[in-house]
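**Student:** Take a look and give me a structure for this.
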Amino acid sequence: MSNFWGDSLSEFWSAWIIVISLGTIGLAFWFLWANRKTDKVPDADGNVETTGHAADEIEEYDNPLPRWWFQLYVGTVIFALGYLVLYPGLGNFTGLFGWTQEGQWEQEVARAEERFTPIFAQYQEIPIPELAHDTEAMQVAERIFLNNCAVCHGANAQGGYGFPDLTDDDWLYGGEPEQIMTTLIRGRNGLMPSFQSLGESNVDRVVEHVLSLSGLEHDAELAEQGAAVFGSVCAACHGPSGTGNQALGAPNLTNDTWLYQAPGQSVADSIRQTVRNGRNGHMPAQEAYIGSERVHLVAAYIYSLRFRD
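**Tutor:** Here you go, the predicted structure:
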């Protein structure tokens, strides 16, 4: 909106910025102009009276700035006023050019899309299992992964606390190409409800039973008691044998892979925290951010990780 009193800022704050900006420039110019000359004149011998300030036997003269220096300062004032006329800087006034950072960003994105879309389009025609073995394509895909996915899953794709390892064979929602594509395009929302209502004693029994499913050290008596609780409460999602359900994103509890085990935390404490407090995991949909062509490449890259040493 190319006017001084638009809707971006209130009238008061827009006026405040304009007054402060122009006032500062005007004050600086007045200061320069007022001090362009000196009232000190040489005497008959050519000597000029100093200001009286001295340090280390060096006296301070009251000489004006050199002309070139003064003109340089005036030039900066002219540049500042010219900039504020052409570009945003005075409250809601957007400048004669109408430049915005959003507009420039959109132009840069459009140029990049025009340049790279044909490259990505040729990869989109290749099935993911085949594309996963294309070295050149995977180098491109790895860069997209590092820019968009590594912040959660890590540069090595081995995940972290609450973020799945993409290099193993343990998939919450399935590791086939179609399932990976669905995850990237639509995102995922995993919810594990809190079961504090079971009571601490039953929580402990369930924990011991889950430990037993992975063959970890456990209390056999409590685990046996926990099996009944697990069957009536947990089996609906994780299955009677605890092998999980990829349709729901319910993890496999029999392979000793724990998504929410913090560094230094025991498996038992991690399971207990999950059962007691629940979990809420969110994988954002990526298609809106990187486009369908890049999603196809990233899916192939994730699929390719299983073939790496």
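
**Student:** how about the CA coordinates for stretch 144-154, as PDB?
**Tutor:** Coordinates of each C-alpha in stretch 144-154 appear next as PDB, following Å, rounded to 0.1, in the frame of the first residue of the first chain:
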ATOM      1  CA  ILE A 144      16.900 -31.600  -0.500                       C
ATOM      2  CA  PHE A 145      16.800 -34.000   2.500                       C
ATOM      3  CA  LEU A 146      19.600 -32.000   4.300                       C
ATOM      4  CA  ASN A 147      17.800 -28.700   3.700                       C
ATOM      5  CA  ASN A 148      14.300 -29.900   4.800                       C
ATOM      6  CA  CYS A 149      14.400 -33.100   6.800                       C
ATOM      7  CA  ALA A 150      17.800 -33.300   8.600                       C
ATOM      8  CA  VAL A 151      16.700 -30.700  11.200                       C
ATOM      9  CA  CYS A 152      14.600 -33.500  12.800                       C
ATOM     10  CA  HIS A 153      16.000 -36.800  11.400                       C
ATOM     11  CA  GLY A 154      19.600 -35.800  11.500                       C
END
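
**Student:** what's the spacing between Glu208 and Asp219?
**Tutor:** 5 Å (Cβ to Cβ, to the nearest Å). The C-beta positions use only the backbone N, C-alpha and C, and glycine is treated the same way.

**Student:** now Gln101
**Tutor:** 61 Å.

**Student:** Which one's more surrounded, these two?
**Tutor:** In this view Gln101 and Asp219 are compared by other Cβ atoms under 10 Å, and Asp219 has more residues nearby, 17 against 8.

**Student:** who's in contact with the more buried one?
**Tutor:** Contacts for Asp219 (Cβ atoms under 8 Å, 6 or more residues apart in numbering) come out as Glu208.

**Student:** Quick check: pLDDT value at it.
**Tutor:** Listed pLDDT for Asp219 reads 95.

**Student:** same deal with Val41?
**Tutor:** For Val41, the predicted pLDDT is 68.

**Student:** mind listing the helices for the stretch 51-200 of the chain?
**Tutor:** Taking DSSP state H, counting those that start in this stretch as the test, the helices found in the stretch 51-200 of the chain are 67-86, 101-124, 128-131, 135-148, 150-153, 177-186, 200-213.

**Student:** any idea how far Leu96 is from the residue nearest to Ala220 when sequence neighbours are not counted?
**Tutor:** If the residues on either side of it in the chain are set aside, Ala220 comes closest to Ser212, at 7.5 Å by Cβ to Cβ, 6 or more residues apart in numbering. Separation of Ser212 from Leu96 (Cβ to Cβ): 74 Å.

**Student:** higher neighbour count, these two?
**Tutor:** Remark: of Ser212 and Leu96, Ser212 carries more neighbours, 22 against 10, as counted by other Cβ under 10 Å.

**Student:** these two touch, right, the more buried one and Glu221?
**Tutor:** No: judged on Cβ atoms under 8 Å, Ser212 makes no contact with Glu221 at a distance of 10.9 Å.

**Student:** Domains of this structure: list them as residue ranges, please.
**Tutor:** 11-99, 110-187+284-307, 190-283 (automatic domain parsing).

**Student:** quick one: which of these has the weakest pLDDT on average?
**Tutor:** domain 11-99 (a mean of 85).

**Student:** how much distance is there from that domain to the middle of the chain?
**Tutor:** Here the centre of domain 11-99 is set off from its chain's centre by 42 Å, with Cα atoms, centre = their mean, to the nearest Å.

**Student:** tell me how far the ends of that domain are from each other?
**Tutor:** End-to-end distance of domain 11-99 (Cα to Cα, to the nearest Å): 21 Å.

**Student:** now swap in stretch 259-277 and tell me
**Tutor:** 15 Å.

**Student:** Enumerate residues external to it that contact any of its residues.
**Tutor:** Contacts of stretch 259-277 (Cβ under 8 Å, 6+ apart): 159, 161-164, 172, 192, 194-196, 198, 203-204, 206-207, 210-211, 214, 216, 251, 256, 258, 279, 281.

**Student:** Restricted to strands, list those residues.
**Tutor:** 192, 279, 281 (DSSP state E).

**Student:** ok, the nearest residue to the first one once chain neighbours are set aside - contacts?
**Tutor:** The one in question is Met192. In this structure, Met192 finds its nearest non-sequential neighbour in Arg279, 4.0 Å apart by Cβ to Cβ, 6+ apart. Neighbouring residues of Arg279 by Cβ under 8 Å, 6+ apart: 162, 190-192, 260.
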